[in-house]
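1. Whatever this is, show me its structure:
(4 chains)
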There are 2 protein chains.
Amino acid sequence: MVTTGADEDRVFAALANGTRREVLRLLRERGPQPVQALADHFAMRRPSLSEHLKVLREAGLVSETRSGRQRIYQLEAAPLAEVQEWLHPYERFWRDRLKGLGELLDRIPDDET
Amino acid sequence: MVTTGADEDRVFAALANGTRREVLRLLRERGPQPVQALADHFAMRRPSLSEHLKVLREAGLVSETRSGRQRIYQLEAAPLAEVQEWLHPYERFWRDRLKGLGELLDRIPDDET
DNA sequence: TTGACGGGTAGGGAAAACCCTACCTATCGT
DNA sequence: ACGATAGGTAGGGTTTTCCCTACCCGTCAA
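-> Here you go, the predicted structure:
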């Protein structure tokens, strides 16, 4: 199994918010960081960011490691791989978009699950 | 330009709903369809589905063509290509996950935009 | 032309999302 | 032991989402 509906839903819902996507970008570009370092990049109070981190955690997109009184957050990209898999069956609809081939395919229903 | 922030936001927001993802799947598997054919697959009144179609339209994920009194909805996958591009910089975080290489990369911040 | 059919819009209610200010717990330094 | 620091949780307000019923307009068939 690739993704249960509920997991898939949590991941897409987590990605629906710009702040949370920005958190993922920061973790990707700068590596694991404590909460305060992340919070410094947003015009938002720390508790609000804390809840965004909770959403990301519950979607499996970040993990936390305790180090003293700090919580180091780290990117967990596995759920994004599932998003990519979700995208796969759509790929041919934006590739082969030349010479009307795309429109042709659109008009011939396929039969994958 | 690949995606303005607002467009990106609309696409991710559109994908955050399971009904809307299901609509995309139906259009992909069965080709363009009128509203009623789509509505038959959901336990929801047609006006509600109509609003989901509006969200998808405003995200550029579907287009409508009028044919008599029917509106034929069609998948428009281009915005999904932008989602795939958004995913690209994360790929190395779920590939090369062998022998601790992933953890190493996580700890060495990179410097792409 | 008069229904009937396809489908969008209006208005409203319940729930969820998102932000805030307090507050609480745990760890560190002195 | 005590204050300061890191960060999560509680409670609340505002906005958005998602569903509903009612209603409207355009097209087709009799």
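
2. gap between the nearest residue to residue A:84 once chain neighbours are set aside and residue A:77?
-> Spatial nearest neighbour of residue A:84, excluding adjacent residues (C-beta to C-beta, 6 or more residues apart in numbering or on different chains): residue B:87 at 5.4 Å. Heads up, the C-betas are built off the backbone N, CA and C, glycines and all. For residue B:87, the distance to residue A:77 equals 9 Å [C-beta to C-beta, to the nearest Å].

3. Need the residues touching each of those two.
-> Here residue B:87 and residue A:77 share no contacting residue, scored by C-beta atoms under 8 Å, 6 or more residues apart in numbering or on different chains.

4. The two: who's more crowded?
-> Using other C-beta atoms under 10 Å in any protein chain shown as the criterion, residue B:87 and residue A:77 rank with residue A:77 on top: 25 against 17.

5. my read: the more buried one touches residue B:94, true?
-> Yes. Between residue A:77 and residue B:94 there is a contact at 4.3 Å, judged by C-beta atoms under 8 Å.

6. How about the contacts made by residue A:90?
-> Counting by C-beta under 8 Å, 6+ apart, residue A:90 has contacts B:24, B:28, B:75, B:77, B:80.

7. Drop anything exposed from those.
-> By neighbour count, with 16 or more other C-beta atoms under 10 Å in any protein chain shown, the contacts of residue A:90 hold B:24, B:28, B:75, B:77, B:80 as buried.
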